[in-house]
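Colleague: kindly generate the corresponding structure for this input.
(3 chains)
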Amino acid sequence: MINTPSVPKPGESTTLWLIKLLTGPILLVVALIHMAVNHYIGSIGGLLSHAEVVAYYQSWYIPVMEAIFLTTVIAHALIGVRGIILDLKPAPALLRILDWIFVVVGVGFVIYGMWLLAAVAALG
Amino acid sequence: MNTNPNIFTRILSWFDPRGKTLGTYGFMLNRITALGLTLYLFLHLIVLGTLAQGPDAYDNFLKLIENPILKFGELLVVAAVFLHGLNGIRIGLNSFGIAVPRQREFFIGVVVLSLIAIAFFGWRMYFA
Amino acid sequence: MAEQWNITLVIRRQKQGQQPYDQEFKMEANPDENVIDLVERVWAFHDKTLNYAHACHHSTCGACGMRVNNVEKLTCITPVRSVVSNGGTLRVDPMRNFPVISDLAVDMGELYRRMELVGHHPVNSDRQEAIQKEFRPAGPADPGEDFIRLSDCIECGLCMSACPIVGSTPDYLGPAPLAGAHQAGLASNPKLLDIVGGTDGVWRCHSAYECTAVCPSNVDPGWRIMELRRMLIGEKLKSWFSPRKSVEVSK
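Modeller: Prediction:
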């Protein structure tokens, strides 16, 4: 049984799709705020300088908002890309490997992102 | 069903516009922006590591992205966020049975709103 | 005297084991006749090796689906004037995503197999109507009357040809079977929930709505797929939030 390729479980697609659906609107709101602050109101053609970024991260709710942004965008993106790959009907064994890659990349980048948030906030 | 076994042909078939209606353009746009934004996301997270290296490293990076090609790339990212995000709202609402008969008009609205937002950001990035 | 146009008809020819090629026919056409009439005339007077499928000639059988100028059409109800102008060129190809048997005739077997899998009944009795009532849009029929009513889907396959995902994803059920599942009613077959909610079901749809755009009947597969999604989401949320039932273990 250890060598059996993974078989999609009933209801799995609905759950993942629901996560993608629910992260979408959260993401859109937070992304719009993120873009307005980081690509519009900054002093360098809309972009924030290092000092401005550090100052921005001193309010506690900013790292919280950015952490929510980070987690939702990585989940949404990776579930979405997995959906595109499923459209190409990969072999079950390949899908199992890809699923592991998605989990490792996703969790890895969330951890890295959280570390970066804390590191930048601590600079102030 | 009969499908070409060549994976590249199958991928390219998603972007064949011949004989297609507005709904397929929405699908194509969502797919292209999704892939572009995913690539940008991970690159963005990696280059933001310069923030932790201090002001010199980060501000030097900012000088690099004043390059006109990269600046245009940044505008494309803004465009992709609006197009993908608003189109995604359309798809999400449709999946709950909302606005399905009006999904074509909804898509036109998404594109118009996105173009306005792109003009707004573009003006800020290039002229203000 | 009926109006006559001069048009060029280009037909995609393909025989088993041979390379496909385009064949041109210069012909006169009454702009109010239908595209199938042109194809029939080519067979009758120009080339009897041309193969194509047709039967009722009034959009009931679903046999004559083809691509006309790259758009899926039921050729028996597609007037010539709607797809070409006088002096113009009209192109006819077989439907996409079905194996070509010969020229314009394709193998519909896989579609029919999937329609049976989801329990689609092309001919509905009043009893079937009553079961499906909660999923059907309101119609003029009184469920109390004894009648036999044809279901809207004529299994023509145009939606399967037009769908961008059917082209790339061989096992995706496709708009017609998913719409058929919706028409058959999820209540009629508990296994349907797993079939339509699985990896080859509604979640492979990406809202291109080509199926609804090309459907020559009243099916609106795009809407039905969204309705199925709504039902699946409802079932999933119920399973998350409703209290667990205790399971009796037999000794």
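
Colleague: most centrally placed residue in the chain?
Modeller: All of this is about chain A. residue A:74 (1.7 Å; Cα atoms, centre = their mean).

Colleague: sorry, should have said chain C
Modeller: residue C:157 (3.1 Å).

Colleague: got a pLDDT number for it?
Modeller: Per-residue confidence at residue C:157 stands at 96 (pLDDT).

Colleague: residues in contact with it?
Modeller: C:62, C:65, C:95, C:98, C:106, C:108, C:111, C:176 (Cβ atoms under 8 Å, 6 or more residues apart in numbering or on different chains). (C-beta placed from N, C-alpha, C; glycine too.)

Colleague: is the helix or strand bottoming out on mean pLDDT in chain B in proximity to chain A?
Modeller: Within chain B, judged by mean pLDDT, DSSP states H and E, the helix or strand with the poorest mean is helix B:55-64; its value is a mean of 83. Yes. Counting by Cβ under 8 Å from any Cβ of the partner chain, chain A has neighbours in helix B:55-64: B:55, B:58, B:59, B:62.

Colleague: give me the neighbour count for the first one.
Modeller: When counting by other Cβ atoms under 10 Å in any protein chain shown, one arrives at 15 neighbours for residue B:55.

Colleague: which residues of the stretch 51-200 of chain C lie near chain A?
Modeller: Counting by Cβ under 8 Å from any Cβ, the stretch 51-200 of chain C sits next to chain A at C:165, C:168, C:169, C:170, C:171, C:172, C:194, C:197, C:198, C:199.

Colleague: tell me where the model's unsure across chain C.
Modeller: C:1, C:123-151, C:243-251 (pLDDT under 70).

Colleague: roughly how far apart are the closest residue to residue A:42 other than its chain neighbours and residue B:13?
Modeller: Nearest residue to residue A:42, sequence neighbours excluded (Cβ to Cβ, 6 or more residues apart in numbering or on different chains): residue A:48, at 3.9 Å. For residue A:48, the distance to residue B:13 (Cβ to Cβ, to the nearest Å) stands at 42 Å.

Colleague: what's around residue C:77, how many residues?
Modeller: 15.

Colleague: ok, it - contacts?
Modeller: With contact set as Cβ under 8 Å, 6+ apart, residue C:77 has these partners: C:34, C:58, C:59, C:216.

Colleague: of those residues, closest to chain A?
Modeller: residue C:216 (26.6 Å; Cβ to the nearest Cβ).

Colleague: I figured the closest one hits residue C:74, correct?
Modeller: Yes. Applying Cβ atoms under 8 Å as the test, residue C:216 and residue C:74 come out as touching, 4.1 Å apart.

Colleague: quick one: which of these two has more around it?
Modeller: Neighbour tally, residue C:216 and residue C:74, criterion other Cβ under 10 Å: the higher count belongs to residue C:74, 26 against 20.

Colleague: tell me the contacts of the more buried one?
Modeller: C:59, C:62, C:64, C:65, C:156, C:158, C:216.

Colleague: the helices in chain B, which residues?
Modeller: B:7-13, B:22-47, B:55-64, B:68-94, B:103-126 (DSSP state H).

Colleague: pull out the buried residues from the third one.
Modeller: Neighbour counts using 16 or more other Cβ atoms under 10 Å in any protein chain shown place B:58, B:61, B:62 of helix B:55-64 among the buried residues.

Colleague: ok, so of the residues you listed, who is nearest residue A:78?
Modeller: Closest approach between the buried residues of helix B:55-64 and residue A:78, by Cβ to Cβ: residue B:61, at 25.7 Å.

Colleague: tell me what the host helix or strand of residue C:196 is packed against?
Modeller: Following DSSP states H and E, one finds residue C:196 within helix C:192-197. Judged by 3 or more Cβ pairs under 8 Å, 6 or more residues apart in numbering or on different chains; DSSP states H and E, helix C:192-197 is in contact with helix C:175-184, helix C:221-241.

Colleague: neighbouring contacts of the longest one?
Modeller: Residues external to helix C:221-241 that are found in contact with it (Cβ under 8 Å, 6+ apart): A:11, A:14-15, A:18, B:23, B:94-97, B:100-101, B:103, C:135, C:159, C:175-176, C:178-179, C:181-183, C:186, C:193, C:196-197, C:201-203, C:205, C:207, C:209, C:211-212, C:215.
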